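**Student:** the amino acid sequence is not available; the structure is as follows:
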């Protein structure tokens, strides 16, 4: 009997996007899956579309929203553009939205637009 696996494909919930401006201009980055917590970030095997991330050591890691943290994981690199299957992976290529408009209240999880300019220095995102 062959080993069959069911996979679900889709773009996820894109309600967090404030415009379609950057959809065709997302850049490809590498996600360090080990830096994310399964129970918190991908309980169903997928990082959610809109997940805020930082870039540390050349790879994407979870963004640290603590307002006083303005280095490393505390600098927002952008948001994962589409749902990303990460179950059983170590490093995964992902589209990163680093400019455009984002509806902060619809970003997955608990997200508050950063107040410190240093936390936004790697992006040109307008939060609406």
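**Tutor:** Good, I have the coordinates. Since the model is a prediction, treat every value here as computed from it, not as a measurement. Residues are numbered from 1 along each chain as shown.

**Student:** tell me which stretches of the chain form strands.
**Tutor:** 27-32, 46-47, 52-56, 59-62, 76-80, 84-85, 91-97, 99-102, 124-127 (DSSP state E).

**Student:** among those, which is nearest residue 38?
**Tutor:** Closest approach to residue 38 among those is made by strand 46-47 (10.5 Å; CB to CB). (Each C-beta comes from the backbone N, C-alpha and C, glycine too.)

**Student:** tell me the most buried of the strands of the chain?
**Tutor:** Burial of the strands of the chain is given as mean neighbour count (mean count of other CB atoms under 10 Å); strand 76-80 ranks first at a mean of 25.

**Student:** quick one: closest of the strands of the chain to residue 15.
**Tutor:** strand 99-102 (10.6 Å).

**Student:** now for the closest one, which elements pack on it?
**Tutor:** strand 124-127 (3 or more CB pairs under 8 Å, 6 or more residues apart in numbering; DSSP states H and E).

**Student:** got a list of contacts for the strand it packs on?
**Tutor:** By CB atoms under 8 Å, 6 or more residues apart in numbering, the residues outside strand 124-127 that reach it are 18, 76, 78-79, 97-104, 113.

**Student:** look at residue 10 and report its pLDDT.
**Tutor:** With respect to pLDDT, residue 10 scores 57.

**Student:** one step back: now pLDDT and distance to residue 127 too, for the contacts of strand 124-127, in JSON lines please.
**Tutor:** Below are these laid out as JSON lines (pLDDT from 0 to 100; distance: CB to CB, whole Å):
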{"residue": "18", "pLDDT": "94", "distance to residue 127": "8"}
{"residue": "76", "pLDDT": "96", "distance to residue 127": "10"}
{"residue": "78", "pLDDT": "96", "distance to residue 127": "12"}
{"residue": "79", "pLDDT": "97", "distance to residue 127": "11"}
{"residue": "97", "pLDDT": "95", "distance to residue 127": "12"}
{"residue": "98", "pLDDT": "95", "distance to residue 127": "13"}
{"residue": "99", "pLDDT": "94", "distance to residue 127": "12"}
{"residue": "100", "pLDDT": "93", "distance to residue 127": "10"}
{"residue": "101", "pLDDT": "95", "distance to residue 127": "8"}
{"residue": "102", "pLDDT": "95", "distance to residue 127": "5"}
{"residue": "103", "pLDDT": "96", "distance to residue 127": "8"}
{"residue": "104", "pLDDT": "96", "distance to residue 127": "4"}
{"residue": "113", "pLDDT": "91", "distance to residue 127": "4"}
